[in-house]
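J.: Okay, predicted coordinates and the sequence, questions at the end:
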Amino acid sequence: MTGKNYIGFQLSAKGETTYRTFNPKTNTENSALFTEANDHEIESAVALAAEAFPVFKNLPGAKRAAFLRAIADEILALDDTLVQTYCNETGLPEGRAKGERGRTVGQLRMFADLIETEDWRQPTIDTAIPDRQPMPKPDLRQFLIPLGPVVVFGASNFPLAYSTAGGDTASALAAGCPVIVKSHPMHAGTGELVASAIAKAAEKTGMPNGVFSNLNSAGIEVGQKLVQHPKVKAVGFTGSIRGGRALFDLAGQREEPIPVFAEMGSINPVVITSNALKNRSAEIASTYASSITLGTGQFCTNPGLILGIESPELSQFVEDLGSKTSEIDAQCMLHPNIHQAYEANGAAVSSQANTEVVAVHDGPVSENYAQSKITTTSGAAFLQNKKLHTEVFGPFSLVVQCKDESELLRVISGLEGQLTGTIIAEPDEYRQLEPVIDTLQDRVGRIIFNGVPTGVEVCDAMTHGGPYPASTDSRFTAVGNHSIKRWARPFSYQDFPEELLPSFLK
Ligand code: NAP
């Protein structure tokens, strides 16, 4: 670990601001000292990326695929050093580190397979009809081309899969865009190790210098400068609504506005029907207690909102969910700041009118550890009070008890955009679910049936995104093969000589 920035293949630490990461389990700073990138280093990283772009974008897909596969191999070669650094910077267990590493490597290999052929570019050929009346039809051939240098911001809660070599970086490199990562300050060491793997892979596979850079930052300024830089052509962000929106606005104010694909917070509504509660309330409570507390609730797909219709069964469910959740031991959060935000946001929601705390974990709690909390309110209170719609990032959920189905539908349609919605129902109710499905579909990117929203499969048919503020552009997914389309634009050749066309357009 050097604590330095990667400016292309070179390590550099010319700045004056330094910082350390934090181990929330031991409540102490980690030893490595990181140096924030200064203006000169930001400029060098972007200039190198802009120089690398024309070379990188024109490499055959198979060459870029070899680069992605080499990154995966180099990440695995970091072995225990990476796992231990990840654990020391997040308080997350080793099993989670290894699972996330597996997903990260899997994503890189998935994009490598995708770009082995040029099908991802959606080549579309409209041949000419010279004798068409009243006007001849020209020959048009369309395909997707990369946008240019991309800046990637990673999330605190996914130091591998949504960070340095995570889904945004993997898909942007696959598309032919050089990447500059604004390293997340909470896991700068994990970020530097992964950056070293990318730099090694780039040199080994003959990629142009500047295809990748990793810039340290102690605060928001480095990220802001990158988004404002005229040579940056797109931004990938995973994090809070406040952060994503600030960067989206900044990109919109540029002389040349650029797209910001921000994946942000979500409360992921879950609708539980009356018959499901009648038949299996205790089982659902147990499943949901695990989902709400999984990874200390630090998932963007955490079920933060549960919706049902008032009944004795729903009251029993609320009690069961409270007692099952509070039985689960308090767990470490990623950072003292995230823990403080959890406490403050949880207290703010719980203190709203007509809102009641059902249960709080009451065992021993160490520093930076979160007590899970289940709260409940009425449909009427939820409809009137937007503060109850706020994401509480952590092991927290609010059960909304609606008067009837009409109120339930109003609650769903009054929600902000969400990543997911879930329906828990029995087969004899399926035919009556249409209004709920329709209303939910308008608000979310994915509906889960009789399951939990936590856990995002990486595959072709996955949609990870949703109407604002779940994401800033609901037309795209941030996970799976289709996420590559965020970094490309359609382009057409008209009446081009055959010999000047790329082979897949001939
Ligand atoms: P965060 O506080 O927004 O930080 C994310 C990154 O953005 C950090 O590098 C941060 O830099 C930067 N940033 C924040 N505000 C900024 C601003 N105004 N200007 C420039 N840069 C800014 O979020 P986090 O704590 O890492 O992540 C937790 C949140 O992410 C939760 O809300 C969770 O739901 C969401 N999340 C969403 C998804 C998804 O796929 N939709 C996945 C995972 C997490 P500094 O740290 O230097 O301030």
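T.: Received it, and whenever you're ready, just let me know what you need.
J.: Look at Cys87 and tell me its secondary structure.
T.: helix (DSSP: H, G, I helix; E, B strand; the rest coil).
J.: who in the stretch 201-350 of the chain is up against the ligand?
T.: Residues of the stretch 201-350 of the chain lying close to the ligand by CB under 6 Å from any ligand atom are 217, 219-220, 223-224, 238-240, 243, 246-247, 263-266, 300. (C-beta placed from N, C-alpha, C; glycine too.)
J.: Show the buried residues in these.
T.: For these, a neighbour count by 16 or more other CB atoms under 10 Å gives the buried set as 217, 223, 238-240, 243, 246-247, 263-266, 300.
J.: Going along the chain, name the helices of the stretch 201-350 of the chain.
T.: Residue ranges of the helices in the stretch 201-350 of the chain, as given by DSSP state H, counting those that start in this stretch, are 221-228, 241-252, 274-293, 312-327, 336-350.
J.: Would you convert the ones you listed into TSV that also reports mean pLDDT?
T.: Shown next, in TSV, are those (pLDDT from 0 to 100):
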stretch	mean pLDDT
helix 221-228	98
helix 241-252	98
helix 274-293	97
helix 312-327	96
helix 336-350	97
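J.: hmm, back to that, ok, which pair from the buried ones among the residues of the stretch 201-350 of the chain next to the ligand is furthest apart?
T.: Largest separation among these by CB to CB: Ser217 and Ser266, giving 25.2 Å.
J.: give me the element Thr376 is part of.
T.: Taking DSSP states H and E as the definition, Thr376 sits inside strand 373-378.
J.: Touching that strand from outside, list them.
T.: If you take CB atoms under 8 Å, 6 or more residues apart in numbering as the criterion, strand 373-378 is touched by 292, 318, 321-322, 325-326, 346, 349-350, 352, 354-361, 388, 395-403.
J.: again, only using 7 Å
T.: Applying CB atoms under 7 Å, 6 or more residues apart in numbering, the external contacts of strand 373-378 come out as 318, 321-322, 325, 346, 349-350, 354-360, 388, 396-401.
J.: Parallel or antiparallel, list what pairs with it.
T.: strand 355-360 (antiparallel), strand 396-402 (parallel) (DSSP bridges).
J.: Now the longest one - C-alpha only, PDB.
T.: Taking C-alpha atoms only, strand 396-402 is exported to PDB below (Å, rounded to 0.1, in the frame of the first residue of the first chain):
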ATOM      1  CA  PHE A 396     -34.600  -0.300   9.800                       C
ATOM      2  CA  SER A 397     -38.100  -0.800   8.400                       C
ATOM      3  CA  LEU A 398     -41.400   1.000   8.600                       C
ATOM      4  CA  VAL A 399     -44.700  -0.900   8.400                       C
ATOM      5  CA  VAL A 400     -47.500   1.100   7.000                       C
ATOM      6  CA  GLN A 401     -51.000  -0.100   8.000                       C
ATOM      7  CA  CYS A 402     -53.500   1.000   5.300                       C
END
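J.: Which residues of the stretch 351-500 of the chain lie near the ligand?
T.: By CB under 6 Å from any ligand atom, the residues of the stretch 351-500 of the chain that approach the ligand are 391, 393, 419, 464, 478.
J.: Highest neighbour count among these?
T.: Most neighbours among those, by other CB atoms under 10 Å: Ala478, with 29 neighbours.
J.: I'd guessed that one sits against Gly167; true?
T.: Yes: taking CB atoms under 7 Å as the definition, Ala478 is a contact partner of Gly167 at 6.2 Å.
J.: Kindly export stretch 431-448 (C-alpha atoms) in PDB.
T.: Presented in PDB, the C-alpha positions along stretch 431-448 are these (Å, rounded to 0.1, in the frame of the first residue of the first chain):
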ATOM      1  CA  ARG A 431     -56.200 -12.500 -10.100                       C
ATOM      2  CA  GLN A 432     -56.900  -9.600  -7.800                       C
ATOM      3  CA  LEU A 433     -53.300  -8.300  -7.800                       C
ATOM      4  CA  GLU A 434     -53.400  -6.400 -11.100                       C
ATOM      5  CA  PRO A 435     -54.000  -2.900  -9.600                       C
ATOM      6  CA  VAL A 436     -51.200  -3.400  -7.100                       C
ATOM      7  CA  ILE A 437     -48.800  -4.700  -9.900                       C
ATOM      8  CA  ASP A 438     -49.800  -1.800 -12.200                       C
ATOM      9  CA  THR A 439     -49.400   0.900  -9.600                       C
ATOM     10  CA  LEU A 440     -46.100  -0.600  -8.400                       C
ATOM     11  CA  GLN A 441     -44.700  -1.000 -11.900                       C
ATOM     12  CA  ASP A 442     -45.000   2.800 -12.400                       C
ATOM     13  CA  ARG A 443     -42.800   3.400  -9.300                       C
ATOM     14  CA  VAL A 444     -40.100   0.800  -9.500                       C
ATOM     15  CA  GLY A 445     -37.500  -0.900 -11.700                       C
ATOM     16  CA  ARG A 446     -38.100  -4.500 -10.700                       C
ATOM     17  CA  ILE A 447     -40.900  -6.400  -8.900                       C
ATOM     18  CA  ILE A 448     -40.000  -9.400  -6.800                       C
END
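J.: buried sites along it?
T.: 436, 439-440, 443-448.
J.: Pick the one among these closest to the ligand.
T.: Gly445 (9.4 Å; CB to the nearest ligand atom).
J.: Tell me the predicted confidence for the residue of the stretch 51-200 of the chain found nearest the ligand.
T.: Proximity of the stretch 51-200 of the chain to the ligand (CB to the nearest ligand atom) peaks at Ser156, 3.2 Å away. At Ser156, the predicted lDDT confidence score is 96.
J.: wait, it sits on His184?
T.: Yes: using CB under 7 Å, Ser156 is in contact with His184, at 5.8 Å.
J.: So for those two, which residue has more residues nearby?
T.: His184 (26 against 23).
J.: so what's that one up against?
T.: Taking CB under 7 Å, 6+ apart as the test, what His184 contacts is 154, 156, 163, 191.
J.: Check Gly480 too.
T.: Shown in contact with Gly480 (CB under 7 Å, 6+ apart): 458-460, 462.
J.: Check Gly189 too.
T.: 1, 21, 30, 32, 85, 89.
J.: how close does it sit to Gly176?
T.: Here Gly189 is placed at a distance of 30 Å from Gly176 (CB to CB, to the nearest Å).
J.: try Ala62
T.: Here the distance between Ala62 and Gly176 works out to 13 Å (CB to CB).
J.: Look at the two and report which has more neighbours.
T.: Using other CB under 10 Å, the more surrounded residue of Ala62 and Gly176 is Gly176, with 26 against 11.
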